[in-house]
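>>> A predicted structure for the sequence below; I have some questions about it.
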Amino acid sequence: MRGEQANAVGEALLRRLKRLMARAATVKGSDRKQLLVLLDDVETIRRGLVREAAEIDGEMRQTAARTAAIGAYLRNSQGGRGKRNN
């Protein structure tokens with residue numbers, strides 16, 4: 001399923017972000033190269049998380065539309081049952 005795959009990808013990105021935060025705590029402020037590498041890594045992870053969030057948002061919108069369609073179908077199918085003209 002897509003939901004399980006998205007969850008696994010999101011979890012992996014969050015674990016990677018936690019590792020980067022731990023690494024950032026050990027870097028000295030004067031080590032410019034290390035700081036640039038960390039910034040690049042954080043930006044890459046941020047883009048991945050934004051992409052995952054957009055995919056989840058799309059799935060939620062699609063699910064909401066399906067739920068509304070099912071509700072409309074049920075209302076329409078039940079509406080005909082009460083009004084029978086012989």
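That came in fine, so what should we check first?
>>> Just checking the distance from the helix or strand that Ala65 is a member of to the centre of its chain.
Per DSSP states H and E: Ala65 is located in helix 32-82. Using CA atoms, centre = their mean, to the nearest Å, the distance from the centre of helix 32-82 to the centre of the chain it belongs to is 6 Å.
>>> and Ser30, helix, strand or coil?
Local secondary structure at Ser30 is given as coil here, using DSSP: H, G, I helix; E, B strand; the rest coil.
>>> Please determine how far it is located from Leu36.
Here Ser30 is placed at a distance of 13 Å from Leu36 (CB to CB, to the nearest Å). From N, CA and C alone the C-beta is placed, and that goes for glycine too.
>>> what about the two, which has more around it?
Neighbours of Ser30 and Leu36, each counted by other CB atoms under 10 Å, are more numerous for Leu36; the result is 10 against 7.
>>> for Gln78, what are its contacts?
Residues in contact with Gln78, defined by CB atoms under 8 Å, 6 or more residues apart in numbering, are absent; none qualify.
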